[in-house]
Structure formats: structure tokens, C-alpha cells
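**Student:** pasted the sequence and its predicted model underneath.
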Amino acid sequence: MRRQLFGGNGLGHVIAVAAVTLLVRLFFCPAPAALLPENENDDPSSREEKDADDGSKAPVSRKVSPVTVRWSNITCSLYRKSSEPVKFLLKNVSGEAQPGRLLAIMGPSGSGKTMLLDVLAGQLAASTQLHLSGLLEFNGKPNSNKTVKFAYVRQEDLHFSQLTVRETLSLASELQLPSISVEQRDEYVDNLLFKLGLVNCADTEVRGINGGEKKRLTLACELIARPSIIFADEPTTGLDAFQAEKVMETLQNLAHDGHTVICSIRQPRGSVYSKLDDIVLLTEGSLVYAGPAHKEILTYFSKFGYHCPDHVSPAEFLADLISIDYSSAESVHSSQKRVDGLVDSFSQRLPTIVYATPITRDELSKSGKKMSKRTIAMKKGGWWKQFWLLLKRAWIQVFRDGPTNQVWAKISFTSAVTFGSVFWKMGRSQTSIQDRMGLLQVAAISTAMAALTKTMGVFPKERAIVDRERTKGLYDLGPYLLSKLLAEIPIGAVFPLTFSAILYSMACLHPTLLRFGKFCGIVTMESFAASAMGLTVGAMVPTTDSAMVVGPSLMTIFVVFGGYYVNHENTPIIFHWIPRVSLVRWVFQGLCINEFRDLQFDHHHPFDVQTGEQALERISFGGVRIKDTVIAQSRILVFWHCTTYFLLKINKPKYQQLEPPLYPNKSHVKLEELDPAYVDQALVSSSASQVESNLRLQSPPQPDLIGHFVLEGL
Ligand SMILES: Nc1ncnc2c1ncn2[C@@H]1O[C@H](COP(=O)(O)OP(=O)(O)OP(=O)(O)O)[C@@H](O)[C@H]1O
């Protein structure tokens, strides 16, 4: 018997043992402790709340812990090549957001709104080309956003489409608040539905609700953790005026409840603008204004001679004021001059700004304790709890996904009937040998392709949701992957079984019940292995589109080396490994052995093939057992699942570190004033420790020295 990697040699055994060990670790290792901030476990003050959470089903607190966010000298520079000048995406941006107030970051497209929001939320995607510096404080504590609860509502609303609004919220609250009772949870969910105006669509599936409702559902899911700060990136984009206003009204209400709400918004309508309390105006990454909305901002600009006409909405006036007019060379020049002047004027006022409400050291230590106590309540449930919840969700998603299931059913039925008609009732003539092989190869290819494309069409979207949930620390990868695989077994088996049953009977393949059973088993197993490969591809690439390019290309290679087109013995030595890892090859081989063994063919000449065994010898499949091919398929299946696990594990989103400000002793510096050599030195030294040692703050930041954005004298 040939020695083959996936067919049973020593190396094959080593891989199998490694894979089983990994699976055991994946599925049965205990869940890591909840993502707690450092030192939380030792904090005696947090123990009471922990105990209450564990045992006595403490009532769900609806109080929000107030958090003031302050940032100063936030600078983000893009450093592509040494030959290119450094591009500043954010330049010395400072400001403050207070609890109970709705702050909007406004500015033209590309002005850096999303980037500033990402920086404040600590969620700017890490890049070696970026350098980020500045000071960020939560209740006066520098960079302590790991202990502050915040929600980040991104532009895309990602939810499991088959769950209803109530189910989505209920499952989210079970995952985030595992220790509360069912009654408390139901009450909590009802309150959220009411608060966010989702009562009317509570029992509608997510795919059937409108954009505004989706956005409010996203907000509701984020609110379960009782965040102190809510970040929302362009929450009104893509919504009609009515829905946009409702979403902003919701954000305003949340601010009134005590949350600190910070959103980015491109050009709000008048009705939306009137809901804002504070504004940060950005243009090309620079600050034009940061302070209260309404009268104050208009008074500020009128001091420079820019008056908002009565009939123009302030939002439109501000947008025009800070935009560059590209209609002619002259207008570009004059608008650029105006914008530069406004940026300059605001930056000159920053050093004279003082906090409206200075934070004392006492307050700092109290708020620190409060925050650490509350963070402990956000621990996840145990491994099994996570597993059952995720299994429930995956089950609903798979079984209610009518459109996908219908498409798959149609594809299975149509391809089985088509192939069955082409290979209708094959006899035992000599020419039927080629037909049989063709049919078995076609069956192997179409099953693999159908399962692969189905998985790749769905998984990248689901991965985006799972990545966000895992970033929040809601559950571990093991329970997620296992629950998904289990939930998909029944539906994943139905379609290949239907395909097999139709095809087998139409083509009149080897007519015994046992052979039919084995045919169905091999094809179904292939479908699961191809789905596993689809998961790996989905975990490897960022989008469904790229998965649809990579997956079929990879499968085509496995088809070429599938045993039908190229005989294994004629394969160039450098390609010998491909048939060994080709799923299509093992399936084709298994189906051929199942079909041809013990089959007699009509023969009229001495050189005719008389038995199925002779036919198998001609394609080098003699002497192999079906068992070997099934073992090889199982190993391929386990291999793809383990690879998916590791890809998901290592592909966690990474965020850019906020380094101390470039000129730490100055509360505000103009970038043009920076010594280029100094900037270069800081940017090039990508190691955080190096930057830290170069630029370390000389003394801890004094809260009362960092400016509030209310300008003196206004
Ligand atoms: N990771 C990155 N690497 C390089 N450049 C980036 C990165 N992220 C953003 N930028 C650039 O920074 C600038 C600001 O981008 P940002 O998305 O914050 O703008 P925005 O004001 O939110 O625009 P919009 O309203 O169109 O969403 C853009 O020029 C963008 O191309």
C-alpha cells in the first residue's frame, strides 16, 4: 500500500495526534478568567459586588457612572516612506466631553472625525505607518479606558439577521449579564425596547427592520453593559431625515440619563443640530472650534467677522465656513486662507483655556474605585453557559435562514437531477466505466463547491460580528466554534443526502443498500470537510468577495489533482503532496472503490475490462480500502477546523497605542513649530519603550492645567 500523508504513514499519525490534541484543547479547556483590569481580582472593595453577582441575583442597576473624557494634543501622523513627508491626520486636537451632554465631532469628509472617535475609544486600528501621541484622560486618569465601560456604535449595524429584535437583545443580555435572573433579564430587555423605541418591531426579525431601528438596536445591545461613555460613528449616515432625527433623539436621551455621548456627524440637518450640546469642529485634522453649540459657537465665529445669516441653519453655516471651495483657483486660495486663519486663531486660544469644573485628587481616587467595582460585574458566563447560549443563537440563525437554505436546496436538487439525467441508468457496458468515473468525479466536485461557497458566503459577515463580540470579551472562541459546528450538522447533512439519493437512483449506481449508504456517508462527510475549508478561507480573508476568489481557486487545484484528470503516478514529484491533501481526490477514490468493487462489466474482447477491480487498477486506486479514504477525509476536516481556530485566535483586532505627547511640557504646540528631527526621531522609533523613554512626561499630568474647551472671555 502506498505511503500517504493523509492515508496512514508515520507523519500522518503525528498530524492526527497533534490535531486531536488541539481539538481537545479547543473544546474542553476551561474558559479563561473574565477580562478584568489588572489588580481587579485583588481589590477587596470589588468583592461585595462579585459575591452579589455570583449568588444573590443582585438587581440590575440602571445607574450610570459619570465619566468625563478629556484629550489634549492628540496628533496622528502617517509615515509611509522616508522619502515622503510626514502627513498629519490629526494635529494637536484637544477637547472635553462631559456626562449628561451630547458632543458631536463635525467636519467635512476626510477631516478626521472617525479617526478622532477611534482614538478616544482606544480603537484605532494598529498600523506600522501611523504614530499616535497625546493625552487622553477618563475622570482625570490618563489612558485608563480599560477600566471605563464604553460602547462603540460603528457605522455598519451587524446583527444575526434571523433573530428577532427581542431575541437579539435577550441573547446579548444573557451573554453580558450572565448572573441575573430570567425575570430580571426580561424586565431589563423590555425596558431597553421601550427606551429605544423598539417595542413595535420587538418580534420582527432583524432582516425586516429599517435602518433607524437597526441603529437603535445596535445602541440597545451596547447599552446592556451600562456604559458610561457612548461613541457613535456617523449614526445618521444612510438614514432618512425622520429616522436620523429619532436616532439623535435617542442619543440625546441617553446623554440626559447621564451617559457621556460622543458622536461624529458630517453635516447635520437643523433639527439634528439643535439636539447637540457641544461641538468639536475639525478640518483636515485640525481643530477649528471645540466648545458649546448654539449661541456660543456663533458668537465665537462672529468675533472674526463670520456671521450666520438668520435664514441659514447654523450647521450649514459651519460646514461652509470650514470647507475648501474647489470651484476656482481663487476660491481655493481664499477659502484655504480663511480655514488656516480659523485654525490658527483657535490654536492660539487653547493655552489660555481653563477647566470649567476642575477635578480634585479626591474625586479621582473615588471615581477610580467606582469604575473598578463596576467593571467586575461585566464578567462573562462559564464555558458551558457560553456554549449553550451560542448554540441557541447558531441554531436559530441556521434554521431560520430560509433564503440560504432554499438556494442550497435548489442547487442540490437541480444538480442531482441534471447529472442524473446525463448519466441516466448506466448499464454495464465498457463505455459505462468512463461514465461512472465521470459521474463520481462530478458528484465529488459539485458537493465540495456547493458546501464551500455556501459557507464562504455567510461566514465572513458572521465573523465581523463575532470579532466585535470577542473584542468586548463576551465569550471565548472554543464555545463559539463548537456551537456553530454542532448547530450546522443537521442542515449541513440534509442537502448532500438529498443530492446523493436522487443521483444514485437516477444513475442506477451499484444497487445494494450498503453501497448506497456508504455513498451517502462519503458525500455528506465531504460536504462537512468542504464547509470546514470554507470557514478557514473566511477566517483568512477580510471580506466575502475576497473569500469567493480564494476558495474556488484553491478548490480548483484540488480538483485538478482529484485523481480523474491526472493519474497520481504521472504527477510530477514536486506536486505529489497535493493529491494527498486534496479532499476531492479522497472522495473520488472512496466513491470509486464503493462503486467498482465486485462489479462485473460486459466484455467481448480479451483486452476488455471485466471486473471493477481491473478498472480501479487502471486509475491506480487498487489496494486501497474505503476506510483509508474516510480516515483521510476526517483528517482534512480536523485540519481545516484547527486552522480556522488558530486564524480566528491570531486575527484579533489590534489597536494603535497612544504615546505621550511629542512636546510634553507644552500644553499646546503648533506642528509647524516642531523640530523636524525631533518628530522624525519619535516617529521612526516604533518601539513603544523607546518612544516612552525619549518622550516620557516629566511629571504626572495635573488635571487643572489641562484646558477645558470653554474659551475665556467668550
Ligand atoms: N489607517 C489609516 N492609514 C492611513 N490613513 C488613514 C487611516 N485612517 C484614516 N486615514 C486617513 O485619514 C483621513 C481622515 O479619515 P477619517 O475616516 O477619520 O475621516 P472622516 O472625517 O471620518 O471622513 P468621512 O466623513 O468621509 O467618514 C482620511 O484622509 C483618511 O484617508
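**Tutor:** The structure has been received and is ready for your questions.

**Student:** now do the contacts for the residue in the stretch 401-550 of the chain that the ligand sits nearest to.
**Tutor:** The ligand sits closest to Pro542 of the stretch 401-550 of the chain, with a gap of 14.0 Å, by C-beta to the nearest ligand atom. (Each C-beta comes from the backbone N, C-alpha and C, glycine too.) Contact analysis of Pro542 by C-beta atoms under 8 Å, 6 or more residues apart in numbering lists Pro460.

**Student:** secondary structure class for it?
**Tutor:** coil (DSSP: H, G, I helix; E, B strand; the rest coil).

**Student:** against Tyr475, how distant is it?
**Tutor:** For Pro542, the distance to Tyr475 equals 22 Å [C-beta to C-beta, to the nearest Å].

**Student:** state the mean pLDDT of the strand or helix carrying Arg470.
**Tutor:** Using DSSP states H and E, Arg470 falls within helix 431-471. Averaged across helix 431-471, pLDDT comes to 90.

**Student:** can you list the residues of this structure near the ligand?
**Tutor:** With the criterion set to C-beta under 6 Å from any ligand atom, the chain comes near the ligand through 78, 89, 107, 109-115, 125, 127, 130, 264, 266.

**Student:** quick one, strands of the stretch 251-400 of the chain?
**Tutor:** 260-265, 278-283, 286-292 (DSSP state E, counting those that start in this stretch).

**Student:** next: the chain.
**Tutor:** Using DSSP state E, the strands assigned to the chain run over residues 69-78, 87-97, 102-106, 130-138, 141-142, 150-153, 229-233, 260-265, 278-283, 286-292.

**Student:** pull the contacting residues for Ala121.
**Tutor:** Applying C-beta under 8 Å, 6+ apart, we find Ala121 in contact with 145, 150, 152, 229, 231.

**Student:** quick one: those as TSV, columns for pLDDT and neighbour count too.
**Tutor:** Formatted as TSV, these follow (pLDDT from 0 to 100; neighbours: other C-beta atoms under 10 Å):
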residue	pLDDT	neighbour count
Asn145	54	20
Phe150	88	22
Tyr152	91	22
Ile229	93	25
Phe231	94	26
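
**Student:** beta-bridge partners for Leu136, please?
**Tutor:** Applying DSSP bridges to Leu136 gives these bridge partners: Trp71.

**Student:** pretty sure it sits against Trp71.
**Tutor:** Yes: Leu136 lies in contact with Trp71 (C-beta atoms under 8 Å); the separation is 4.8 Å.

**Student:** any shared contact partners between the two?
**Tutor:** Shared contacts of Leu136 and Trp71, counting by C-beta under 8 Å, 6+ apart, come down to 119-120.

**Student:** before we move on, the earlier item: can you flag the weakest of the strands of the chain by average pLDDT?
**Tutor:** Comparing these on mean pLDDT, the least confident stretch is strand 141-142, scoring a mean of 78.

**Student:** so what are the sheet partners of it and their directions?
**Tutor:** Strand 141-142 has these strand partners (DSSP bridges): strand 130-138 (antiparallel).

**Student:** what's the angle from the strand it pairs with to strand 87-97?
**Tutor:** In terms of direction (axes from the mean of the first three to the mean of the last three C-alpha atoms, to 10 degrees), strand 130-138 departs from strand 87-97 by 0 degrees.

**Student:** please save the CA atoms from strand 130-138 in CSV.
**Tutor:** Provided in CSV are the C-alpha atoms of strand 130-138 (Å, rounded to 0.1, in the frame of the first residue of the first chain):
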residue,chain,number,x,y,z
LEU,A,130,0.9,55.5,12.0
HIS,A,131,2.2,57.3,15.0
LEU,A,132,-0.3,58.4,17.6
SER,A,133,0.5,60.7,20.5
GLY,A,134,-1.3,62.9,23.0
LEU,A,135,-3.0,62.8,26.4
LEU,A,136,-6.3,61.0,27.0
GLU,A,137,-8.0,61.1,30.4
PHE,A,138,-11.1,59.5,31.9
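
**Student:** so which bits of that strand are buried?
**Tutor:** 130-138 (16 or more other C-beta atoms under 10 Å).

**Student:** closest one of these to the ligand?
**Tutor:** Leu130 (5.9 Å).

**Student:** in a markdown table, list the strands of the stretch 251-400 of the chain along with mean neighbour count.
**Tutor:** What follows is these, written out as a markdown table (neighbours: other C-beta atoms under 10 Å):
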| stretch | mean neighbour count |
| --- | --- |
| strand 260-265 | 26 |
| strand 278-283 | 26 |
| strand 286-292 | 25 |
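
**Student:** just send those strands back as JSON lines, with distance to Ala416 too.
**Tutor:** Output for the strands of the stretch 251-400 of the chain, formatted as JSON lines (distance: least, C-beta to C-beta, whole Å):
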{"stretch": "strand 260-265", "distance to Ala416": "52"}
{"stretch": "strand 278-283", "distance to Ala416": "59"}
{"stretch": "strand 286-292", "distance to Ala416": "64"}
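
**Student:** what's the closest of the ones you listed to Leu391?
**Tutor:** strand 260-265 (35.3 Å; C-beta to C-beta).

**Student:** pairing partners for that closest one, with directions?
**Tutor:** Within its sheet, strand 260-265 is paired with strand 102-106 (parallel), strand 229-233 (parallel), according to DSSP bridges.

**Student:** tilt between that strand and strand 278-283?
**Tutor:** 30 degrees.

**Student:** not counting its own residues, what contacts strand 260-265?
**Tutor:** Strand 260-265 is contacted by residues 66-69, 97-106, 113-114, 116-117, 120, 228-236, 251-252, 254-255, 272 when judged by C-beta under 8 Å, 6+ apart.

**Student:** now the residues you listed: which count as buried?
**Tutor:** 66-69, 97-99, 101-106, 113-114, 116-117, 120, 228-236, 251-252, 254-255, 272.

**Student:** which non-adjacent residue is nearest the spatially most central residue of the chain?
**Tutor:** For the chain, the residue nearest the mean C-alpha position is Ala464 (2.5 Å; C-alpha atoms, centre = their mean). Spatial nearest neighbour of Ala464, excluding adjacent residues (C-beta to C-beta, 6 or more residues apart in numbering): Leu158 at 5.4 Å.
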